[in-house]
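Novice: The following comprises the amino acid sequence and a computationally predicted model.
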Amino acid sequence: MNILDKIVIDKRKEVDLRKSLIPTSQLEQSVLFTRTTTSLAQNLKNSKSGIIAEHKRRSPSKSVINNGLNVQDVAIGYENAGVCGMSVLTDGKYFGGSLDDLLTARASCNLPLLRKEFIIDEYQILEAKAYGADVILLIAAILTRDEIKQFSELAKSLKLDVLLEVHNEDELHKSIMPSLDMLGVNNRNLKTFDVSLNTSKALSKIIPNDFVKVSESGISNIESIKELQPYGYQGFLIGENFMKTNNPGESATVFINSLI
Ligand SMILES: O=C(O)c1ccccc1NCC(=O)[C@H](O)[C@H](O)COP(=O)(O)O
């Protein structure tokens, strides 16, 4: 069984438990229709660097990355660095994150926030809104086309933007629809954990131009960004490279300054 299958099985149990603690009707009452001034997609289009910086304590591929930071400092540091948006991992079991991390990030900065989660249920989209996200991630590998449609349309009705993540051509073809805002290509093979920018390069040719293109995972230097920009990528999701340092905000500042 690959890691995504395991995560999805655990996620189903986790979501059912949370639903029993806070029923959907109660969660709906916490949904506020506030949002940051500009969208993540707009920020990426206007930016020369296009960095989406992630808060990531640990991962299945790297184990512990950094447990010694607080989300508030990371969010403020990323905002001061001039990133286009912040991604907050909310999965607890595999990534050491939580919805409280999202809430803390919301209270600490005005960046567009991506809830980085394995979404398999509408309930998690309501949670994303209630805890302050501006964008949700939908992963094509774990969803049917009907679910992608249903979840992205719910997100739009809540004024959340949608980043759809694909790993290959089949996932891309099954997922294209107007209710998506950004298309992310994950460079990490989730069976072997190997990372290759060739995945982003190969898929770029078949991503329609109406979507902002985001390259995700394994980006650790500015050369990678310069290599991907000619393929039409305007967004670059970076986690470990910043989070493995004592000061992710400072690392992001140095990275961005050497790009622009
Ligand atoms: O990071 C992992 O090991 C991982 C394993 C299984 C599913 C998802 C995984 N990562 C989620 C992400 O998409 C990354 O956190 C994100 O793209 C940033 O990647 P990186 O810059 O390589 O930390």
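Specialist: That came through fine.
Novice: can you give me the strands for the stretch 101-250 of the chain?
Specialist: For the stretch 101-250 of the chain, applying DSSP state E, counting those that start in this stretch gives strands covering 113-116, 135-139, 161-166, 182-186, 212-216, 233-238.
Novice: So which elements touch the fourth one?
Specialist: With contacts defined as 3 or more CB pairs under 8 Å, 6 or more residues apart in numbering; DSSP states H and E, strand 182-186 has these neighbours: helix 40-46, strand 161-166, helix 197-204, strand 212-216, strand 233-238. Yep, even glycine has a C-beta here, placed from its N, CA and C like the rest.
Novice: Minimum distance to the ligand: which of the strands of the stretch 101-250 of the chain has it?
Specialist: strand 212-216 (3.8 Å; CB to the nearest ligand atom).
Novice: Just want the angle from that closest one to strand 182-186.
Specialist: Orientation check (axes from the mean of the first three to the mean of the last three CA atoms, to 10 degrees): strand 212-216 against strand 182-186 gives 20 degrees.
Novice: what's strand 212-216 packed up against?
Specialist: Using 3+ CB pairs under 8 Å, 6+ apart, strand 212-216 sits against helix 40-46, strand 182-186, helix 197-204, strand 233-238.
Novice: that older thread, I'd like the helices and strands packed on strand 182-186 written out as JSON lines, with mean neighbour count, distance to Pro60 and mean pLDDT added.
Specialist: Output for the helices and strands packed on strand 182-186, formatted as JSON lines (neighbours: other CB atoms under 10 Å; distance: least, CB to CB, whole Å; pLDDT from 0 to 100):
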{"stretch": "helix 40-46", "mean neighbour count": "19", "distance to Pro60": "25", "mean pLDDT": "97"}
{"stretch": "strand 161-166", "mean neighbour count": "25", "distance to Pro60": "16", "mean pLDDT": "98"}
{"stretch": "helix 197-204", "mean neighbour count": "18", "distance to Pro60": "18", "mean pLDDT": "97"}
{"stretch": "strand 212-216", "mean neighbour count": "27", "distance to Pro60": "15", "mean pLDDT": "98"}
{"stretch": "strand 233-238", "mean neighbour count": "25", "distance to Pro60": "17", "mean pLDDT": "98"}
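Novice: got the strands of the stretch 101-250 of the chain as JSON lines, with distance to the ligand columns?
Specialist: Listed next are the strands of the stretch 101-250 of the chain as JSON lines, based on distance: least, CB to the nearest ligand atom, whole Å:
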{"stretch": "strand 113-116", "distance to the ligand": "7"}
{"stretch": "strand 135-139", "distance to the ligand": "8"}
{"stretch": "strand 161-166", "distance to the ligand": "7"}
{"stretch": "strand 182-186", "distance to the ligand": "6"}
{"stretch": "strand 212-216", "distance to the ligand": "4"}
{"stretch": "strand 233-238", "distance to the ligand": "5"}
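Novice: where in the stretch 151-260 of the chain is pLDDT low?
Specialist: Residues of the stretch 151-260 of the chain meeting the criterion pLDDT under 70: none.
Novice: What residue in it comes nearest to the ligand?
Specialist: The ligand sits closest to Gly239 of the stretch 151-260 of the chain, with a gap of 2.9 Å, by CB to the nearest ligand atom.
Novice: So the residue lying closest to that residue once chain neighbours are set aside, which state does it fall into?
Specialist: What sits nearest to Gly239 in space, not counting adjacent residues and going by CB to CB, 6 or more residues apart in numbering, is Glu54, at 3.5 Å. Using DSSP: H, G, I helix; E, B strand; the rest coil, the structure places Glu54 in strand.
Novice: can you put the helices and strands packed on strand 212-216 in JSON lines and add distance to Leu21?
Specialist: Shown next, in JSON lines, are these (distance: least, CB to CB, whole Å):
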{"stretch": "helix 40-46", "distance to Leu21": "30"}
{"stretch": "strand 182-186", "distance to Leu21": "31"}
{"stretch": "helix 197-204", "distance to Leu21": "38"}
{"stretch": "strand 233-238", "distance to Leu21": "31"}
